[in-house]
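> Have a look; sequence and predicted model below, questions after that.
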Amino acid sequence: MNKKLYITTAIPYVNGKPHIGHALDYLLADIWARYQRQNGHEVRFQAGTDEHGNKIAAKAAEAGIEPKAYTDSTYVNFENLMKKVGASYTDFVRTTDPHHMQSVQYIWQKLQPYIYKGSYEGWYCVGCEAFVSDKEAAANNGVCPDHNQPYQRLSEDNYYLKASAFTDKVTEAIKSDQIKIVPEFRKREFLELIKDGLQDVSISRPKKSLSWGIPVPGDPDQVMYVWLDALSNYITVIGYPDQSVWQDYWPADVQVVGKDIMRFHAGLWPAMLLGLGLELPKKLLVHGMINAGGTKMSKTIGNVVEPNQVIDEYGVDAFRYFFSRHIPTLEDGDFTWEKFESAYNTELANDLGNVIQRVAGMITRYQSGVIGEVPEGEHDMTAYHNAMENLEFDKAIDEVWLMIRSLNQYIENVKPWEIAKKVGKESEAEAHLTEVLNNSVGALIQIGDLLVPFLPAVAEKIHRVFKSGSIVATEGVLFPRIYKHTTDPNAPKA
RNA sequence: CGCGGGGUGGAGCAGCCUGGUUAGCUCGGAUGGCUCAUAACCAUCAGGUCGCAAGUUCAAAUCUUGCCCCCGCAACCA
């Protein structure tokens, strides 16, 4: 009986368009999910959207519609992106779902022993009717740029979650890897951050300053603030607390988050779980940010890369390839169109696409497309599996390309085209040729297996071409070379 | 002395923890080979004061100390 596995992704706030970071979140979780399924595990894979808060309400007001109507129209952008990157998610939760909202209210009540009323003090802009963070206030020199008015120091009533009560337990859980934060340096970073204890967190706002949210049970004047609402999605989506099936999946095996929100997932969220008497997630995969040409992507600079554009121009497999291999799983990465296209042309077209064509072509030409008894690929893939277990997906896929390279070297060494010339002249030649080609097919099938988590469509194509006993013709070449952002080295000079 | 990451041939990285073969890999460049393949593939070569300085040692990219530079983070920001 295989254990049922559960992986989660952060739920994005739906006031903007999906960006490349969301796509990365989805992709990393999907690679893990597919890998585990390939190994016989049942995997539940959550995704969703965060739909409450003032920014949403403001956007909706701008558009002259109700907040819910607004999120109804925008959340699909995120679900569509999931589909577009080929993410094999099983659940999609919206924080405006009735079940989620009811469950969060239940969670609030269950956390009562750790909730107290306090006051929140901060910089407030009357024009925005909102608090800004100290950081933002400082960055703007204490003056709201939108309203050209100085921020005021105000305080208001809030409910707080006593996260501080769980400092020791959370610290211990992280130190002992009960919650394993990957990579290791993020774990150290976070432990350092909380060495003076977890801070209590404000989890509500007065209704007058936050109208669009889940009502606080028993206090009509207060509405829940984002964190309690949003973080709860990880358990409400699998049925907590009313559908007992959630117990088959919780605790989550992996929770994928960006480094910017690690602290909430490593601090506040475990505190909430402990308060609820639930188990802690096993691993927190903290990935980095994607830069564009060495600098942060920003609308102002205009260097934002649209995941949809990448996929439309090069296909989903090319997208998955680049972001799983060339964006380091655990660190910041860098995207440029030149890098992307170069990886596409040299690695996908020249290496992988070509070797498939090469082997298929020889079998078609020398053996009329008939594939005989294919030996199991024997390449040692320990490094690949270790990397997968360690959540270093970029390292794992590197191994696949080492194997592609060695297949090319093998073909170069044994020279099947020379053996082919001897067929009919030397008695051993035909058997030898078959053996060589079948070895190549065996290697390709193994490569296909290893690509299943990363490039599922390509893996399927490889298997379709080589697994049926005779070559199945592909519709055109895999990964035709593309030159949109780089110059074709073979192009005739103008 | 706030915390963390990093500075290795043109570019991007590995190696550092557990000092010791000619500092490894990919891209790019040059030359050659091959002709089965998407003018693809394979081989060879060029190119590095391993940020700077001092120290430990028979021996340091690798350990210690000091300094310089770059990048994140610095709690309610999704």
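On my side now, so go ahead.
> Spell out the secondary structure type for A:Thr8.
strand (DSSP: H, G, I helix; E, B strand; the rest coil).
> Test of understanding: give the bridge partners of it.
Residues in a beta bridge with A:Thr8, per DSSP bridges, are A:Gln255.
> so it sits right up against A:Gln255, yeah?
Yes - taking Cβ atoms under 8 Å as the definition, A:Thr8 is a contact partner of A:Gln255 at 4.8 Å. C-beta: built from backbone N, CA, C; applies to glycine.
> and A:Val400, what does it touch?
Contacts of A:Val400 were listed using Cβ atoms under 8 Å, 6 or more residues apart in numbering, and they are A:Tyr384, A:Ile447, A:Leu450, A:Leu451, A:Phe454.
> can we see that at 6 Å?
Contacts of A:Val400 were listed using Cβ atoms under 6 Å, 6 or more residues apart in numbering, and they are A:Leu450.
> now A:Ala431
By Cβ under 6 Å, 6+ apart, the contact set of A:Ala431 is empty.
> That one sits in which helix or strand?
For A:Ala431, the host element (DSSP states H and E) is helix A:429-451.
> In terms of packing, which of A:Thr8 and A:Gln255 has more residues around it?
Counted by other Cβ atoms under 10 Å, A:Thr8 and A:Gln255 do not tie: A:Thr8 has more neighbours, with 30 against 24.
> Quick check: that one touching A:Tyr234?
Yes - with contacts counted by Cβ atoms under 6 Å, A:Thr8 reaches A:Tyr234, the gap being 5.0 Å.
> Which secondary structure state does the residue of chain A found nearest RNA strand B sit in?
Using Cβ to the nearest atom of the strand, A:Gly353 is the residue of chain A that sits closest to RNA strand B, at 1.3 Å. Secondary structure, three-state DSSP: A:Gly353 is helix.
> what do you get for A:Glu331?
Assigned with three-state DSSP, A:Glu331 falls in the coil class.
> Now it: closest residue in space, sequence neighbours ignored.
Of all residues not flanking A:Glu331 in the chain, A:Gly288 sits nearest, at 4.7 Å (Cβ to Cβ, 6 or more residues apart in numbering).
> Now do the same contact list for the one you found.
By Cβ under 6 Å, 6+ apart, the contact set of A:Gly288 is A:Lys259, A:Glu331, A:Asp332.
> out of the residues you listed, which touch RNA strand B?
Contacts with RNA strand B within those, counted by Cβ under 7 Å from any atom of the strand: A:Lys259, A:Glu331, A:Asp332.
> Mind putting the residues you listed into CSV with pLDDT and neighbour count?
Shown next, in CSV, are the ones next to RNA strand B among the contacts of A:Gly288 (pLDDT from 0 to 100; neighbours: other Cβ atoms under 10 Å):
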residue, pLDDT, neighbour count
A:Lys259, 86, 16
A:Glu331, 81, 14
A:Asp332, 81, 13
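> Need the pLDDT of the residue nearest to A:Pro220 when sequence neighbours are not counted.
Of all residues beyond its chain neighbours, the one nearest A:Pro220 is A:Lys207 (7.3 Å), with distances taken as Cβ to Cβ, 6+ apart. On pLDDT, A:Lys207 comes in at 87.
> swap in A:Val458?
94.
> what's around it, how many residues?
With neighbours defined by other Cβ under 10 Å, the count for A:Val458 comes to 25.
> show me what contacts it?
A:Asp317, A:Leu451.
> tell me the angle the strand or helix carrying it makes with helix A:429-451.
When secondary structure is defined using DSSP H and E, the element that contains A:Val458 is helix A:456-466. Angular relation of helix A:456-466 and helix A:429-451 on a 0 to 180 degree scale: 160 degrees, by axes from the mean of the first three to the mean of the last three Cα atoms, to 10 degrees.
> Helix A:456-466: how far from the chain's middle?
Relative to its parent chain, helix A:456-466 has a centroid offset of 23 Å by Cα atoms, centre = their mean, to the nearest Å.
> A:Leu28 and A:Ala396, how far apart?
12 Å (Cβ to Cβ, to the nearest Å).
> what about the strands in the stretch 201-350 of chain A?
A:201-202, A:204-206, A:222-224, A:254-258, A:283-287, A:290-292, A:295-296, A:333-335 (DSSP state E, counting those that start in this stretch).
> would you turn those strands into TSV with distance to RNA strand B?
TSV is the format used below for the strands of the stretch 201-350 of chain A (distance: least, Cβ to the nearest atom of the strand, whole Å):
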stretch	distance to RNA strand B
strand A:201-202	3
strand A:204-206	9
strand A:222-224	12
strand A:254-258	6
strand A:283-287	11
strand A:290-292	8
strand A:295-296	6
strand A:333-335	7
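> Where among those is average confidence lowest?
The stretch with the lowest mean pLDDT among these is strand A:295-296, which comes in at a mean of 74.
> What is the distance between it and the centre of its chain?
For strand A:295-296 - counting by Cα atoms, centre = their mean - the centre lies 20 Å from the chain centre.
> Can you list the strands that it pairs with?
For strand A:295-296, the pairing partners within the sheet under DSSP bridges are strand A:290-292 (antiparallel).
> Residues touching the partner strand, excluding its own?
Contact with strand A:290-292 is made by A:Ile20, A:Asn303, A:Val305, A:Ile327, A:Gly333, A:Asp334, A:Phe335, as judged by Cβ under 6 Å, 6+ apart.
> mind running it again at 8 Å?
By Cβ under 8 Å, 6+ apart, the list of residues contacting strand A:290-292 from outside reads A:20-21, A:24, A:297, A:303-305, A:323, A:327, A:332-336.
> any idea which of these is closest to A:Gly218?
Here the nearest of the contacts of strand A:290-292 to A:Gly218, counting by Cβ to Cβ, is A:Gly21; it sits at 37.4 Å.
> That closest one: which element?
Secondary structure assigned from DSSP H and E places A:Gly21 in helix A:20-38.
> touching RNA strand B at all, the helix or strand following that helix?
Stepping forward along the backbone from helix A:20-38, the first helix or strand reached (DSSP H and E) is strand A:42-49. No - where contact is defined by Cβ under 7 Å from any atom of the strand, no part of strand A:42-49 touches RNA strand B; the two come within 9.8 Å at best.
> and strand A:42-49, what other elements does it pack with?
Using 3 or more Cβ pairs under 8 Å, 6 or more residues apart in numbering; DSSP states H and E as the contact definition, the elements that strand A:42-49 packs against are strand A:4-9, helix A:20-38, helix A:67-84, strand A:91-94, helix A:233-236.
> mind redoing it with 7 Å?
Other helices and strands packing on strand A:42-49, by 3 or more Cβ pairs under 7 Å, 6 or more residues apart in numbering; DSSP states H and E, are strand A:4-9, helix A:20-38, helix A:67-84, strand A:91-94.
> Which positions in stretch A:10-28 come out as buried?
A:10-15, A:18-28 (16 or more other Cβ atoms under 10 Å).
> Next: stretch A:150-167.
Neighbour-count burial for stretch A:150-167, counted by 16+ other Cβ under 10 Å, picks out A:Tyr151, A:Glu156, A:Asn158, A:Tyr159, A:Tyr160, A:Leu161, A:Lys162, A:Ala163, A:Ser164, A:Ala165, A:Phe166, A:Thr167.
> which residues touch the residue found closest to A:Gly118 once you drop the neighbours it is linked to in the chain?
Beyond its immediate neighbours in the sequence, the residue positioned closest to A:Gly118 (Cβ to Cβ, 6+ apart) is A:Tyr160, lying 4.8 Å away. With contacts defined as Cβ atoms under 7 Å, 6 or more residues apart in numbering, A:Tyr160 is in contact with A:Ile115, A:Tyr116, A:Gly118, A:Asp200, A:Val201, A:Ser202, A:Ile203.
> try A:Leu274
With Cβ under 7 Å, 6+ apart, A:Leu274 has these contacts: A:Phe166, A:Lys169.
> ok so, going back, contacts made by the helix holding A:Gly21 with the rest, please.
Applying Cβ under 7 Å, 6+ apart, the external contacts of helix A:20-38 come out as A:5, A:7, A:9-10, A:12, A:43, A:45, A:47, A:78, A:81-82, A:85-88, A:254, A:256, A:258, A:285, A:287, A:289-290, A:305, A:307, A:320, A:323-324, A:327, A:329, A:388, A:393, A:452-454, A:456.
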